[in-house]
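Visitor: What would the 3D arrangement of this be:
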Amino acid sequence: MSHRFACTRNAKLLVTSRQWVLLDATGQQLEGIARTVCKLLEGRHKPIYSNVMDAGDHVVVINTKQLVVPDKKVLWWYSGYAQGHRHVYSKDFHIFRPTECLRLQVELKLPEKHALQERLARLHLFPGHNYPYAANISKVMEGPDNVFKSLTEYSAEERDMFVKAPDCRVKKATPLYDWDDLS
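Guide: Next comes the predicted model:
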């Protein structure tokens, strides 16, 4: 037995059991919560993290229907057949499959080499707030601090305090030189 495998085996003995982490996706951006989920699935938040062993946790994400998805992001795939290219805007895709949009984003962010399918098997996504793993949850985490509210959720006083952008649509004609007369 080589020394390299013995070290990996000893490191695996130090790994604690996998935790179940709950994340609420209400008002979170797609990119931000996907980054957080990848960190938890890989185990990068643990002090015993190593890229050769899988020390990640189970991640349960609820309320994926209320994610903030960018309008112009294009999801595309190729079936392998002639003219098998498909593309769809992520906003439209999110309406019909709210969990699949986040799963694809996490799959793109995870490294392909090491245990991709095993890590994705530990990702549990639910469009609403009901989930069957309530007894397993050991940790409730906050998502990234980029929660968005719609304009109707702000009060009138808060809307008056917004920074007013200058009106750039109407430009006043200005002469380039002193001898130009624009009137």
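Visitor: Quickly note the distance from the residue positioned nearest the centre of the chain to residue 157.
Guide: The centre of the chain sits closest to residue 34, judged by CA atoms, centre = their mean, with a distance of 2.4 Å. According to CB to CB, to the nearest Å, residue 34 and residue 157 sit 35 Å apart. No exception for glycine: its C-beta is placed from N, CA and C like everyone else's.
Visitor: before we move on, what about residue 122?
Guide: According to CB to CB, residue 122 and residue 157 sit 45 Å apart.
Visitor: now the strands for the chain?
Guide: Ranges of strands in the chain, per DSSP state E, are 20-24, 58-62, 74-78, 85-89, 123-125, 139-141.
Visitor: what is the rounded mean pLDDT of the fourth one?
Guide: Strand 85-89 shows a mean pLDDT of 85.
Visitor: rewinding a little: how many residues are close by the nearest residue to the residue nearest to the centre of the chain once chain neighbours are set aside?
Guide: Distances taken as CB to CB, 6 or more residues apart in numbering place residue 105 nearest to residue 34, at 4.1 Å, with adjacent residues excluded. Using other CB atoms under 10 Å, residue 105 has 21 other residues around it.
Visitor: Name all residues that make contact with residue 105.
Guide: Residues in contact with residue 105 (CB atoms under 8 Å, 6 or more residues apart in numbering) are 30-31, 34.
Visitor: Now do the helices in this protein.
Guide: Using DSSP state H, the helices assigned to the chain run over residues 3-13, 30-42, 90-96, 98-109, 116-121, 156-160.
Visitor: Let's have the ones you listed in JSON lines, adding distance to residue 134.
Guide: Putting those into JSON lines (distance: least, CB to CB, whole Å) gives the following:
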{"stretch": "helix 3-13", "distance to residue 134": "29"}
{"stretch": "helix 30-42", "distance to residue 134": "18"}
{"stretch": "helix 90-96", "distance to residue 134": "25"}
{"stretch": "helix 98-109", "distance to residue 134": "18"}
{"stretch": "helix 116-121", "distance to residue 134": "20"}
{"stretch": "helix 156-160", "distance to residue 134": "35"}
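Visitor: From residue 21, how far off is the residue lying closest to residue 118 once chain neighbours are set aside?
Guide: Setting aside the residues directly before and after it, residue 118 is nearest to residue 54 in space (CB to CB, 6+ apart), at 6.4 Å. According to CB to CB, residue 54 stands 15 Å off from residue 21.
Visitor: more crowded one of the two?
Guide: A count of neighbours by other CB under 10 Å puts residue 21 above the other of residue 54 and residue 21, at 22 against 17.
Visitor: Since that was my last question, I'll sign off now.
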